[in-house]
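In: Build me a structure from this.
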Amino acid sequence: MTHEEKFITFSLGKEEYGISIDKVKEIIEMLDITPIPRTPDFVKGVINLRGKLIPVINLRQRFEMQAIPYDKTTCILVVEREQKGGKKLLGIIVDSVSEVVTLEDSHITTAPAYNDIKNKYIPLIGKFKDKIIMLLKIDDIFGSEDVIGIKNAAEINAA
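Out: Below you'll find the predicted structure:
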């Protein structure tokens, strides 16, 4: 029996990425982001989404890509990630959301080991029609050193 998984796909520049649809709670247009002092550059701050304060990061900057101005297609994916103490919401700024795709196991492969940093963030690659989609494991994108930068915002959310 073939196993299938659905992914929300989005772009950063010309590259396509995907996150398991189970992890994506919402897709919203850009909101005002309140900066948090003394956090890494990729941590943009927090948003107030229906009374919940959610930390927001810029995925381009997290992946050390060139920053670009936000435009009408820029949006925030609100994702749920496992963190010590339970599940936490996190906003991820992406260039644009593409579509939901269903990938069978046979269309997913381990990412090539040519770049240790990318492998940390992108362990799998999916093939869909004529596209290559880098599949992110959202719980793995942020190691303990990254959580420190987001911890302040998470504490605000818990207060």
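In: make it CA atoms for all contacts and neighbour counts henceforth
Out: OK.
In: Can you name the residues that contact the residue most central in space within the chain?
Out: Nearest to the mean C-alpha position of the chain, counting by CA atoms, centre = their mean, stands residue 92 at 4.8 Å. Taking CA atoms under 8 Å, 6 or more residues apart in numbering as the definition of contact, the neighbours of residue 92 are 56, 57, 58, 59, 76, 77, 78, 79.
In: which among those residues gets closest to residue 22?
Out: The closest of the contacts of residue 92 to residue 22 turns out to be residue 79 (CA to CA; 8.8 Å).
In: pLDDT score assigned to the closest one?
Out: The predicted local distance difference test score for residue 79 is 94.
In: For the residue lying closest to it once chain neighbours are set aside, give its distance to residue 15.
Out: Among residues not flanking residue 79 along the chain, residue 24 sits closest, at 4.4 Å (CA to CA, 6 or more residues apart in numbering). In this view, residue 24 and residue 15 are 19 Å apart by CA to CA, to the nearest Å.
In: Can you show me the helices along the protein?
Out: Read by DSSP state H, the chain holds these helices, from start to end of the chain: 59-62, 116-121, 138-141, 144-158.
In: all strands for this protein, in order.
Out: Under the criterion DSSP state E, the chain carries strands at the ranges 4-12, 15-20, 24-29, 43-49, 52-58, 75-83, 86-94, 96-104, 108-110, 124-128, 131-136.
In: Can you tell me which of these is most buried?
Out: strand 52-58 (a mean of 22; mean count of other CA atoms under 10 Å).
In: mean confidence score for that one?
Out: 93.
In: Please shift the residue numbers so they start at 49 in all later answers.
Out: With 49 as the first residue, the last one maps to strand 100-106.
In: Next, the angle strand 123-131 makes with that strand.
Out: For the pair strand 100-106 and strand 123-131, the angle between their directions (axes from the mean of the first three to the mean of the last three CA atoms, to 10 degrees) equals 110 degrees.
In: so what strands line up beside strand 100-106?
Out: Applying DSSP bridges, strand 100-106 is found paired with strand 91-97 (antiparallel), strand 134-142 (parallel).
In: Of those, which is nearest residue 55?
Out: In this view, the strands paired with strand 100-106 are compared for proximity to residue 55 by CA to CA, and strand 134-142 is the closest at 14.9 Å.
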